[in-house]
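In: prediction below, plus the sequence it came from.
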Amino acid sequence: MAIESEMDRCASVFPPMPAILARLEQEMSSEWMNIARLGNLVRSDPALNTAVLKVANSPLLRGGHVITEVEEAIQRIGKDSLKALATVLALRKNNLPSAGLLGSSMDDFWRHSLLVAAGAVQIARSRTTDREILEQIWTAGLLHDLGALLEPLLYSEEFLAVDARVKELTESDERMSLTEIEREALGFDHARIGGIFAERGWKLSASVSALAGNWPDPTQVEPPFAAWAIRRADEAAQMLGMCWQPACTRAQSMETLPKEWGAGTASDPDLCRSSVERHIQLVNALIG
């Protein structure tokens, strides 16, 4: 089954790249980023403006006074949290299909996605300080499960087999990863769908698309440590219960990886777990 041809056939029902994200990204990547211009962009989206102020004044981040100006709120929550809020709010407006969530909720989906993005960047920071690489990991981590939402649209009949297999495992108390189930039914997994969508649908960079599409198998990415950071953050989030997937498909343990696998700091399961765990409160504030 050619994912590209199926995606072209269904292109009209896929969400476009939210305009606010492109404008924020352009401003944030500028060498002369201006907080006043950034504030004006946020104010142009009432829902985003409200969310930024809400998070900045949440118990997690609240300082000595209540913030009422969005520019100060942006400085308090940081650029990564601003991008996360903008992404989640914008994609929520698109009414993405929830059939691929196998009975879970969109809030659980975005909570997991944000946690994986934040955790993966934290893992990678112990290996590199390269801003471009960290931003690629952030974006790919945020979109790493997006293909699960698109899967039922592209392959409705095959997805029924995925759903049925998950129900069989649930009833028998057996366990199997979701990517393995998808590969049995379709020949590929939702990560692959998401990677192709990132490249063809949203015209994201080849680096981001490769990470989003191949994180379950980091050996397909060179160097592999960035993809390993996403995969290990995903596994840690599943173990911590911050996941939309059914329990029968979640990771239960993490082992130390061999050095020759190229995972770098992501080879350490304790570091991966702590990198994800430290962001749970922030993610809950962003989604809540």
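Out: Received it, and whenever you're ready, just let me know what you need.

In: report the central residue of the chain.
Out: Nearest residue to the geometric centre of the chain (Cα atoms, centre = their mean): Leu142, 2.1 Å.

In: relative to Trp32, how far out is it?
Out: Applying Cβ to Cβ, to the nearest Å, the value for Leu142 to Trp32 is 26 Å. Just so you know, the C-beta spots here come from the backbone N, C-alpha and C atoms, and that holds for glycine as well.

In: list the buried ones in the helix ranked longest in the chain?
Out: If you go by DSSP state H, the chain has its longest helix at helix 106-125. Within helix 106-125, the residues scored as buried using 16 or more other Cβ atoms under 10 Å are 106, 109-125.

In: list the contacts of whichever helix or strand Glu184 is part of.
Out: For Glu184, the element it lies in under DSSP states H and E is helix 178-186. By Cβ atoms under 8 Å, 6 or more residues apart in numbering, the residues outside helix 178-186 that reach it are 1, 148, 151, 155, 158-159, 161-162, 165-166, 169, 188-191, 216, 245, 249.

In: any idea how far the very next helix or strand once past it is from the chain center?
Out: Remark: after helix 178-186, the chain's next helix or strand is helix 190-196, criterion DSSP H and E. The chain centroid and the centroid of helix 190-196 are separated by 12 Å under Cα atoms, centre = their mean, to the nearest Å.

In: what pLDDT does the closest residue to Met17 other than its chain neighbours get?
Out: What sits nearest to Met17 in space, not counting adjacent residues and going by Cβ to Cβ, 6 or more residues apart in numbering, is Trp202, at 4.5 Å. Listed pLDDT for Trp202 reads 84.

In: residues near Trp202, how many?
Out: 19 (other Cβ atoms under 10 Å).

In: if I look at it, how far off is Ser113?
Out: 15 Å.

In: which stretches of the protein have low pLDDT?
Out: 1, 60-63, 95, 288 (pLDDT under 70).

In: in three-state terms, label Thr128 for me.
Out: Under DSSP: H, G, I helix; E, B strand; the rest coil, the three-state class of Thr128 is coil.

In: number of residues surrounding it?
Out: The local packing of Thr128 (other Cβ under 10 Å) involves 17 other residues.

In: wouldn't Ala198 be in contact with Gly213 here?
Out: Yes. Counting by Cβ atoms under 8 Å, Ala198 does reach Gly213; the two are 7.1 Å apart.

In: those two: which has the busier surroundings?
Out: Per other Cβ under 10 Å, whichever of Ala198 and Gly213 has more neighbours is Gly213, with 29 against 26.

In: can you tell me the closest non-neighbouring residue to that one?
Out: Distances taken as Cβ to Cβ, 6+ apart place Gly195 nearest to Gly213, at 1.7 Å, with adjacent residues excluded.

In: which residues touch the one you found?
Out: Applying Cβ under 8 Å, 6+ apart, the residues contacting Gly195 are Gly147, Ser209, Ala210, Leu211, Ala212, Gly213, Asn214.

In: just name the closest of these to Arg43, please.
Out: Using Cβ to Cβ, Ala212 comes nearest to Arg43 of the contacts of Gly195, at 30.4 Å.

In: burial count for that closest one?
Out: 30.

In: next up, the contacts around it.
Out: With Cβ under 8 Å, 6+ apart, Ala212 has these contacts: Thr139, Ala140, Leu143, His144, Leu146, Ala191, Gly194, Gly195, Ala198, Leu204.
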